[in-house]
Each structure stands twice: as C-alpha cells, then as structure tokens.
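Participant: Starting from these lines, generate the structure:
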Amino acid sequence: VKLVESGGGLVQSGGSLRLSCTASGFDLPYYAVGWFRQAPGKEREEVSCISMSDGTTNYADSAKGRFTISRDDAKNSVYLQMDNLKPEDTAVYYCATVMNFNREANWGCIPADTWGQGTLVTVSL
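Facilitator: Below is the predicted model of the structure:
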C-alpha cells in the first residue's frame, strides 16, 4: 500500500509542471487526496486537496489561481497542475490520503495515514 509521486523537476519562474500521484495496492477512488509541500528549513504546509465523492477542492491561498488539482479514478491517480511557478514554490511535494470531505462538510486537508515519498520541485529565477 503506497502512493508514488512523479513529475517534479527544475523549471524557470513562470513555467509549469504537472505532478502525478498514483496509488499502488489500494483503490484511490475511495479516498480523498491532498498535496502538501515542505521547503528547506520550513514546516510542511498543505497545498490542495480533492474529495472522494463530489469533487470538492481546497486550495491554499498561495496556490489559488495557479494550481489545479484533479483526479482520474480510472488511472488510480491524482494530479496537481502547477502554472506560473515562482521561486517560493520550491519544495518537496508530497501526496497523501486525507480525511474525506464534501461541499457540506469541508474541514480542509487533514492528512490521514498514507504518504508518498515526495518529488522535488525547484523553480529558478
């Protein structure tokens, strides 16, 4: 049972990357999923999450208008499209299962018990 991230890399400021999170050993459609990141010397912070059932999404203020989370249940995957990247987006990005939520009961991105190993995103000036 694990999550595997991919798609990180080095990109110039203003560029784009698409991160993927694929589940192995369990069915990701039955879980809400979130993206988190941790920059060097900083605490982990939430970026975005998507519900299991009705597609409700949450975004951190830093991600709103630039990042888009989506899921493809047929591929057992969740994605994070990141556009207009900035140097302050540099971090290791992790996907994780989160407590499920929906439009009526939206408590944000609360990590559950399964994490990926992370993928490094570096944004240069």
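Participant: ok, and the closest non-adjacent residue to the residue nearest the centre of the chain?
Facilitator: The centre of the chain sits closest to Trp35, judged by Cα atoms, centre = their mean, with a distance of 2.3 Å. Closest residue to Trp35 apart from its sequence neighbours, by Cβ to Cβ, 6 or more residues apart in numbering: Val47 at 4.3 Å. Heads up, the C-betas are built off the backbone N, CA and C, glycines and all.
Participant: from memory the residue nearest to the centre of the chain sits against Cys21, does it?
Facilitator: Yes: Trp35 is in contact with Cys21 according to Cβ atoms under 8 Å; the separation is 7.4 Å.
Participant: Check the contact lists of these two and give me the overlap.
Facilitator: 78, 80, 95 (Cβ atoms under 8 Å, 6 or more residues apart in numbering).
Participant: Does the residue nearest to the centre of the chain belong to a helix, a strand or coil?
Facilitator: Look at Trp35: counting by DSSP: H, G, I helix; E, B strand; the rest coil, its state is strand.
Participant: mind listing what it touches?
Facilitator: Trp35 sits in contact with 19, 21, 46-49, 69, 78, 80, 93-95, where contact means Cβ under 8 Å, 6+ apart.
Participant: Go again with 7 Å.
Facilitator: If a contact means Cβ atoms under 7 Å, 6 or more residues apart in numbering, then Trp35 has 47-48, 69, 80, 93, 95 as its contacts.
Participant: Likewise for Gln117?
Facilitator: Glu5 are the contacts of Gln117 under Cβ under 7 Å, 6+ apart.
Participant: Not counting its neighbours along the chain, what's nearest Asp24?
Facilitator: Small correction: residue 24 is Ser, not Asp. Lys2 (5.1 Å).
Participant: so the one you found touches Leu28, yeah?
Facilitator: No: the criterion here is Cβ atoms under 7 Å, and Lys2 misses it with Leu28 at 11.1 Å.
Participant: which one of the two has more residues nearby?
Facilitator: Using other Cβ atoms under 10 Å, the more surrounded residue of Lys2 and Leu28 is Leu28, with 23 against 12.
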